[in-house]
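Peer 1: No sequence on hand, only this structure:
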RNA sequence: UGUCCCAUGGUGUAAUUGGCAACACGUCUGGUUUUGGUCCAGAAGAGUCUAGGUUCGAGCCCUAGUGGGACAACCA
């Protein structure tokens, strides 16, 4: 983040040069605790914390908890965890909008006394009607001219709990004819007899977003309030309230940027919640979810997510990022760090007929060719092995470098083997291959210098470990599910987004692996250990495949 | 019949007015390779939504148009 520059950094820089807010830079990340954070939030987090860091300022974490009926501590906890995991630190600056409920209330009374706010007794639908439309001005409420005394009395009784939900609201008195709907006497407080996750039953009136956000920024000393484009139209109102509140030159400034969209995924918290509640996915941390907890479980690294955010930049144009860029970001990171290992997803048995029956021989394998310090490990080689089903073809096409009848290939780090016989079951399915090995080729090189084109991964059938491997594909079948207006979004789900392979085999090295540990299965992709994995049953997620030029060729 | 925002290769971003537009991903070639991975070398692909204007000179400034988006929740 420190390297890149964007229009927001330019504006901040200008503010500093002009000496605004005494040259301070103080940002905030303000999630509502009503759902789990997703990769779209990661963009905001990186921007908020990254901007502060770049200019030697600070960034607060503030929970925007003004709507108790939708919010929950479960979300608070997950949000904190996800931000830390991403690599950011709010230090001692953890706030809640609810911390400021008293000050907000006092400010509301102030506005009432100044004749800038009034209590409206009308029901929601009437108020909505009177608001007009974007093209037609609104009309004033009959309660607009109430005296400050009456307003104050009513507002205090609202606070005291005298009225039921929806009976009255507090409105700012601005301009019912404004072309900006948000300036047409916006609601400041509504009555909601609900228990709040922090303030309990102290309040039965809660401030609306517009009456809370900017002021909280002000109370916290925020200088740059960065948010997504949909709040652009709120900015005049944001400034209006701040102007009523401010006692000197200090002003927080709202700047908007476009949110992150990814192809084949959906960022709506509401819709993600729907998927969770209706069991379309296993939970907020289902590895197919674009949530940070889901991506973490799937095997994405914080580095890869930060790298993606860096690559996409910050602008006001609304675009959609190709998931391929995300995939590149993980591969790029994992390639440098992931322990290499061999695992067979779709096992095909191979018997080395000229290899001793009970022999277990250790061959040495490199742990990470990109990192010499990762060292080496021993992998057991035996007479009976598994190889990938896709690595054998009875009638191979041109340029098929893998195994086929009569052909010789290298088993990685072990020996050259030649296929002599194909065994099939009654159904005609290939169920076993009989091969011979060349004892002279131990380690994978032949003393006579003969070359083999193909190198296959393998796992000992007797020493290997069985595992369940879960393969994930895009959650949605269409590039832009949010843009599909005709169909219900659940109809756009990819029915094949999860494939469970119960009978995979991995090398014994994986026995000591713990949840979240990451590996590259050579030639197959990047994988990690799932949280459901136990000593009895190894459960592994595929994060992403390796780039695969061969399958690209085959598809042409 | 409003206000505001946006518009650069397939995608996402650059370009402090003045060298027929740069980078990343993706795509395609070729090389290296005990991962058809990585790495290396190279290629194709836009003339900057349109029309005017300002200027010696405009992707950058102005105007109009076109296209897309936001705004009418007691949500944030």
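Peer 2: Looks like it arrived, so ask away. Not measured: the values here are computed from a predicted model. Numbers count the residues shown, from 1 in each chain, chains lettered A, B, ... in the order given.
Peer 1: is RNA strand B contacted by stretch A:309-321?
Peer 2: Yes - Stretch A:309-321 reaches RNA strand B (CB under 7 Å from any atom of the strand) through A:311-321. Backbone N, C-alpha and C define where each C-beta goes, glycine included.
Peer 1: can you check stretch A:548-556 too?
Peer 2: Yes - if you take CB under 7 Å from any atom of the strand as the test, stretch A:548-556 does meet RNA strand B, through A:548-550, A:552-553, A:556.
Peer 1: Next step: the residues of stretch A:309-321 next to RNA strand B restricted to helices.
Peer 2: A:311-312 (DSSP state H).
Peer 1: Is it possible to mark the buried ones in the residues of stretch A:309-321 next to RNA strand B?
Peer 2: Neighbour counting with 16 or more other CB atoms under 10 Å marks A:312, A:314, A:321 as buried within these.
Peer 1: residues in contact with residue A:397?
Peer 2: Counting by CB atoms under 8 Å, 6 or more residues apart in numbering, residue A:397 touches residue A:554.
Peer 1: my guess is it is in a strand, correct?
Peer 2: No - Residue A:397: not assigned to a strand; according to DSSP: H, G, I helix; E, B strand; the rest coil it is coil.
Peer 1: From residue A:415, how far out is it?
Peer 2: Taking CB to CB, to the nearest Å as the measure, residue A:397 falls 26 Å from residue A:415.
Peer 1: likewise residue A:127?
Peer 2: According to CB to CB, residue A:127 and residue A:415 sit 80 Å apart.
Peer 1: which one among the buried ones among the residues of stretch A:309-321 next to RNA strand B gets closest to RNA strand B?
Peer 2: Using CB to the nearest atom of the strand, residue A:312 is the member of these that sits closest to RNA strand B, with 3.8 Å.
Peer 1: Low-confidence ranges, chain A, go.
Peer 2: Along chain A, the parts satisfying pLDDT under 70 run over A:1-3.
Peer 1: The residues of stretch A:548-556 next to RNA strand B in helices, which ones?
Peer 2: The helices, defined by DSSP H, take in A:549-550, A:552-553 from these.
Peer 1: so where do the strands sit in the stretch 101-250 of chain A?
Peer 2: In the stretch 101-250 of chain A, the strands defined using DSSP state E, counting those that start in this stretch lie at A:117-120, A:169-172, A:187-191, A:205-207, A:224-228.
Peer 1: close enough to count as contact, residue A:48 and residue A:31?
Peer 2: No - if you go by CB atoms under 8 Å, residue A:48 and residue A:31 don't touch, sitting 10.4 Å apart.
Peer 1: sorry, back to before: quick one, which of residue A:127 and residue A:415 is more surrounded?
Peer 2: residue A:415 (25 against 19; other CB atoms under 10 Å).
Peer 1: That one and residue A:444 touch, don't they?
Peer 2: Yes - using CB under 8 Å, residue A:415 is in contact with residue A:444, at 7.2 Å.
Peer 1: For residue A:348, name its beta-bridge partners.
Peer 2: Beta bridges link residue A:348 to residue A:387, judged by DSSP bridges.
Peer 1: quick one: it from RNA strand B, how far?
Peer 2: Distance, residue A:348 to RNA strand B, by CB to the nearest atom of the strand, to the nearest Å: 15 Å.
Peer 1: List the contacts of that residue.
Peer 2: A:386-389, A:391-392, A:430-433.
Peer 1: Buried among these? Make that a PyMOL selection.
Peer 2: Listed next is the PyMOL selection for buried residues among these, using 16+ other CB under 10 Å:
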select buried, chain A and resi 386+387+388+391+392+433
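Peer 1: Can you tell me which of the contacts of residue A:348 is nearest RNA strand B?
Peer 2: residue A:391 (8.1 Å).
Peer 1: tally of neighbours for the spatially closest residue to the closest one that is not a sequence neighbour?
Peer 2: Taking CB to CB, 6 or more residues apart in numbering, and ignoring the residues beside it in sequence, residue A:391 has residue A:402 as its nearest neighbour in space, at 4.4 Å. Neighbourhood size, residue A:402 [other CB under 10 Å]: 18.
Peer 1: same check, this time on residue A:363
Peer 2: Count around residue A:363 with other CB under 10 Å applied: 17.
Peer 1: separation between residue A:468 and RNA strand B?
Peer 2: Look at residue A:468 and RNA strand B: by CB to the nearest atom of the strand, they are 22 Å apart.
Peer 1: Hmm, that residue is touching residue A:540, no?
Peer 2: Yes - using CB under 8 Å, residue A:468 is in contact with residue A:540, at 7.0 Å.
Peer 1: Going by how many neighbours each has, rank those two and give me the top one.
Peer 2: When residue A:468 and residue A:540 are compared for neighbours, residue A:540 comes out ahead with 26 against 17, by other CB under 10 Å.
Peer 1: Show me what the more buried one bridges to in the sheet.
Peer 2: residue A:469, residue A:529.
Peer 1: quick one, what contacts it?
Peer 2: Going by CB under 8 Å, 6+ apart, residue A:540 touches A:343, A:467-470, A:504, A:506, A:510, A:527-530, A:533.
Peer 1: Out of the residues you listed, the closest to RNA strand B would be?
Peer 2: Nearest to RNA strand B, judged by CB to the nearest atom of the strand, of the contacts of residue A:540 is residue A:343 at 11.0 Å.
Peer 1: dump the residue contacts of that closest one.
Peer 2: A:457, A:459, A:467, A:469, A:504-507, A:510, A:519, A:521, A:524, A:527, A:540.
Peer 1: Swap in 6 Å and give it another go.
Peer 2: The contact partners of residue A:343, by CB atoms under 6 Å, 6 or more residues apart in numbering, come to A:506, A:521.
Peer 1: Equivalent analysis for residue A:526, please.
Peer 2: Counting by CB under 6 Å, 6+ apart, residue A:526 makes contact with A:334, A:338, A:520, A:543-544.
Peer 1: For RNA strand B, tell me whether the helix or strand where it lies is touching it.
Peer 2: Using DSSP states H and E, residue A:526 maps to strand A:525-529. No - judged by CB under 7 Å from any atom of the strand, strand A:525-529 stays clear of RNA strand B, getting no closer than 8.8 Å.
Peer 1: what about the closest residue to RNA strand B within the stretch 201-350 of chain A, distance to residue A:257?
Peer 2: In the stretch 201-350 of chain A, the residue that lies nearest RNA strand B is residue A:319 (2.6 Å; CB to the nearest atom of the strand). The gap separating residue A:319 from residue A:257 is 12 Å, by CB to CB.
Peer 1: Also residue A:500?
Peer 2: Applying CB to CB, the value for residue A:500 to residue A:257 is 39 Å.
Peer 1: Comparing these two, which residue is more hemmed in?
Peer 2: Relative neighbour count places residue A:257 above the other of residue A:500 and residue A:257, with 21 against 9, counting by other CB under 10 Å.
Peer 1: Now that one: closest residue in space that isn't a chain neighbour?
Peer 2: Going by CB to CB, 6+ apart, residue A:257 has residue A:314 as its nearest residue, at 5.0 Å.
Peer 1: May I have the phi/psi pair for the residue of chain A found nearest RNA strand B?
Peer 2: RNA strand B sits closest to residue A:444 of chain A, with a gap of 2.1 Å, by CB to the nearest atom of the strand. Phi and psi for residue A:444, reported as degrees, to the nearest 10, are phi 110, psi 10.
Peer 1: List the contacts of the closest residue to it other than its chain neighbours.
Peer 2: Once flanking residues are discounted, residue A:444 sits nearest to residue A:410: 5.1 Å by CB to CB, 6+ apart. Going by CB under 6 Å, 6+ apart, residue A:410 touches A:416, A:444, A:452, A:455.
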